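Enquirer: Quick one: sequence and predicted model below, then my questions.
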Amino acid sequence: MSDKTLFPLATSAPSPADANLSPGNPAETATPGWREVWRVYAEAATLRMLLLGFSAGLPLLLVFGTLSFWLLEAGIDRTTIGSLSWVGLAYGFKWVWAPLVDRLPIPLLTRWLGRRRSWLLLSQAVIMAALVLMALTDPKLALMPVVWCALAVAFGSATQDIALDAYRIESADTQRQAALAASYQTGYRMAMIWSGAGALWIAASAEVIGNGTYQHGAWQMAYLAMAASMLLGMVTVLCSPEPQRRELPPAKNAADWLRSALIEPFADFLRRYGKQALLILGLIAMYRISDVVMGIMANPFYVDMGYTKDEVATVTKVYGVIMTLAGAFVGGALAMRFGVMKVLMLGAVLSAASNLLFAWLGTRGHDVTSLMLVISADNLSSGIASAAFIAYLSSLTNINYSATQYALFSSMMLLLPKALAGYSGRFVDAYGYSHFFTATALLGLPVLLLIVLASRSKNAAAP
């Protein structure tokens, strides 16, 4: 399951020439023909985004789902595993340093590569180094070094997201943004297969039969392979052109620079939406809460139910990914036909309801067929919800502050859910999996009210 995704439906941000347009009402442009639409996917910028999407999607599960599987095998208790999900708060606070990524040059590196590529390469190097150090540490013997490495991976990954969102928006005109988003999503999902199912397969294959249930060497091999996989994104950055630089008004002094970098992106959002800004931020903060809070306990649940790494990897890779991508395209088609807000409501209902299926799965014992059905349904609903949600977020962004505002929205999306997810292991220990999955479904009820209120607001509703 993914907490941060881009789907083909995502409404493209206005081009610099259209910067004064309201984000909810993009300029009317001629509708391209089908041949022209499909030709975009063969362009260099679109193919480049496929590889960069892979680099962006790789770290996420390595500090969440895959790591929780490793830690449980190493004998770490579920309460601790749940608490460790707080490293994901780095994604929730990335808006804090997004203005620096947007404006601050890196000595020597920026002069060589440019503003966007220098930050991309630096963040990828941090991720790779932290994954290597994590692989070399056994959490059974020393947990804190693994925690610090996981935090470094999350920080590097969040920084890469900031730079990559800006790179994507600045790499092509308005009409091509949807194609870039679709290509990015494909690469992102391929990376999640590799860092989720792939890492489990590598760990399972590297185990020595008869040497016990936990073998650090197997997980070391898996995480070293994941670290090496970051080279794909690094090579892509080195071989890619820097987007045309958007000239910014020169700052008169330090106070003026801080105002334009730190204050103005948020002031612009408040000016455009006024009192409805709080409603919008509330919806963003709550929309994925059912999925995110439940997701941290999914892998420990599979282990406790007796599923092997190979079984989880196979079901996740084949059925989970197929249904997620199917859900994304279904959600996109429905949103184009019926409007974003209606599909936003449908996605919220399905996401909450799919959590109840996990409560049912807990009554089935070791049943691979039921596992397949539940994961398929869960990923289908997640794809539909994400397609509509990212379209809604994209419609709120002003091109003049693309990196900072998009970082704010995606951070808000994860901040509250990740904070609650830290208590997930403690809740499971106290009440069991069935009550936990039911409780996460109930967390989705307030979201329905927020969507209704946003739909009635002219300024807050996306087209």
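Expert: The structure has been received and is ready for your questions.
Enquirer: And residue 412, how far from residue 85?
Expert: 18 Å (C-beta to C-beta, to the nearest Å). Using the backbone N, CA and C atoms, a C-beta is placed for each residue, glycine as well.
Enquirer: Looking only at neighbour counts, state which of the two leads.
Expert: Using other C-beta atoms under 10 Å as the criterion, residue 412 and residue 85 rank with residue 85 on top: 28 against 20.
Enquirer: What separation do you get for that one and residue 345?
Expert: Taking C-beta to C-beta, one finds residue 85 at 28 Å from residue 345.
Enquirer: Tell me which residues touch the closest residue to residue 143 other than its chain neighbours, please.
Expert: Of all residues beyond its chain neighbours, the one nearest residue 143 is residue 76 (6.7 Å), with distances taken as C-beta to C-beta, 6 or more residues apart in numbering. Neighbouring residues of residue 76 by C-beta atoms under 8 Å, 6 or more residues apart in numbering: 139-140, 143.
Enquirer: let's see it at 10 Å
Expert: 67-68, 70, 84, 139-140, 143, 146, 300, 425 (C-beta atoms under 10 Å, 6 or more residues apart in numbering).
Enquirer: ditto for residue 298
Expert: Residue 298 touches 1, 64-65, 68-69, 312, 316, 358, 375, 378, 424, 437, counting by C-beta under 10 Å, 6+ apart.
Enquirer: Could you check the pLDDT of it?
Expert: Note on residue 298: pLDDT of 86.
Enquirer: So residue 435 is in contact with residue 424, correct?
Expert: No. Using C-beta atoms under 10 Å, residue 435 is not in contact with residue 424; the gap is 11.8 Å.
Enquirer: where's residue 76 relative to residue 144, distance?
Expert: Taken as C-beta to C-beta, the span from residue 76 to residue 144 is 12 Å.
Enquirer: Count the residues that sit near residue 306.
Expert: 10.
Enquirer: which SS state does it fall under?
Expert: Following DSSP: H, G, I helix; E, B strand; the rest coil, we place residue 306 in the coil state.
Enquirer: Specify the local secondary structure of residue 105.
Expert: Per three-state DSSP, residue 105 ends up coil.
Enquirer: Next, count neighbours for the residue lying closest to it once chain neighbours are set aside.
Expert: Nearest non-adjacent residue to residue 105, counting by C-beta to C-beta, 6+ apart: residue 115, 6.4 Å away. Neighbour count of residue 115, defined by other C-beta under 10 Å: 23.
Enquirer: Now do the same contact list for residue 115.
Expert: Neighbours of residue 115 in contact, by C-beta under 10 Å, 6+ apart: 101-106, 109, 163, 166-167, 170, 242-243, 245-246.
Enquirer: Filter these down to the buried ones, PyMOL style.
Expert: In PyMOL, this line selects whichever of the contacts of residue 115 come out buried by 16 or more other C-beta atoms under 10 Å:
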select buried, resi 101+102+103+163+166+167+170+242+243
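Enquirer: now, which of the contacts of residue 115 lie within helices?
Expert: If you go by DSSP state H, the contacts of residue 115 have 101-103, 109, 163, 166-167, 170 in helices.
Enquirer: can those residues go into JSON lines with extra columns for pLDDT and distance to residue 50?
Expert: Formatted as JSON lines, those follow (pLDDT from 0 to 100; distance: C-beta to C-beta, whole Å):
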{"residue": "101", "pLDDT": "86", "distance to residue 50": "22"}
{"residue": "102", "pLDDT": "79", "distance to residue 50": "24"}
{"residue": "103", "pLDDT": "78", "distance to residue 50": "28"}
{"residue": "109", "pLDDT": "91", "distance to residue 50": "24"}
{"residue": "163", "pLDDT": "90", "distance to residue 50": "17"}
{"residue": "166", "pLDDT": "81", "distance to residue 50": "18"}
{"residue": "167", "pLDDT": "87", "distance to residue 50": "14"}
{"residue": "170", "pLDDT": "77", "distance to residue 50": "18"}
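Enquirer: ok, of those, which one's closest to residue 273?
Expert: residue 102 (20.8 Å; C-beta to C-beta).
Enquirer: Please name the spatially closest residue to the closest one (chain neighbours excluded).
Expert: Residue 102's closest residue in space is residue 403 (C-beta to C-beta, 6+ apart), at 4.2 Å.
Enquirer: if I read this right, the one you found contacts residue 160, doesn't it?
Expert: No. Using C-beta under 10 Å, residue 403 is not in contact with residue 160; the gap is 11.9 Å.
Enquirer: quick one: common contacting residues for those two?
Expert: With C-beta under 10 Å, 6+ apart, residue 403 and residue 160 have common neighbours 94, 101, 119, 167.
Enquirer: Take these and write them to JSON lines, including distance to residue 132.
Expert: As requested, the shared contacts of residue 403 and residue 160 are exported to JSON lines (distance: C-beta to C-beta, whole Å):
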{"residue": "94", "distance to residue 132": "23"}
{"residue": "101", "distance to residue 132": "24"}
{"residue": "119", "distance to residue 132": "21"}
{"residue": "167", "distance to residue 132": "25"}
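Enquirer: so residue 304 sits right up against residue 433, yeah?
Expert: Yes. Taking contacts as C-beta under 10 Å, residue 304 lies within contact range of residue 433: 7.5 Å.
Enquirer: which of these two has more neighbours?
Expert: The residue with more neighbours, out of residue 304 and residue 433, is residue 433; 19 against 14, by other C-beta under 10 Å.
Enquirer: shaky segments in the stretch 101-250 of the chain?
Expert: 172-179, 181-182, 210-212, 245-250 (pLDDT under 70).
Enquirer: Show me how this protein divides into domains.
Expert: Domains of the chain are assigned by automatic domain parsing as 47-247, 254-463.
Enquirer: about what we covered before: the helix or strand harbouring the residue nearest to residue 102 - what's its average pLDDT?
Expert: Assessed by DSSP states H and E, residue 403 sits inside helix 402-421. Averaging pLDDT along helix 402-421 yields 78.
Enquirer: just checking, residue 143 touches residue 67?
Expert: No. Applying C-beta under 10 Å as the test, residue 143 and residue 67 come out as separate, 11.4 Å apart.
Enquirer: Pick out whichever of the two has more residues nearby.
Expert: Between residue 143 and residue 67, counting by other C-beta under 10 Å, residue 67 is the more crowded of the two (27 against 16).
Enquirer: The more buried one touches residue 300, doesn't it?
Expert: No. The pair residue 67 / residue 300 is not scored as a contact, 11.1 Å apart, by C-beta under 10 Å.
Enquirer: which residues do those two both contact?
Expert: Joint contacts of residue 67 and residue 300 (C-beta under 10 Å, 6+ apart) are 76, 81.
Enquirer: hang on, the earlier thing: quick check: what element follows the helix holding residue 403 along the chain?
Expert: The helix or strand immediately downstream of helix 402-421 is helix 424-431, counting by DSSP H and E.
Enquirer: tell me what that following helix is packed against?
Expert: helix 65-73, helix 78-84, helix 289-295, helix 298-304, helix 433-442 (3 or more C-beta pairs under 10 Å, 6 or more residues apart in numbering; DSSP states H and E).
Enquirer: Now do the helix or strand harbouring residue 51 against helix 65-73, angle only.
Expert: Following DSSP H and E, one finds residue 51 within helix 44-62. If you take axes from the mean of the first three to the mean of the last three C-alpha atoms, to 10 degrees, helix 44-62 sits at 20 degrees to helix 65-73.
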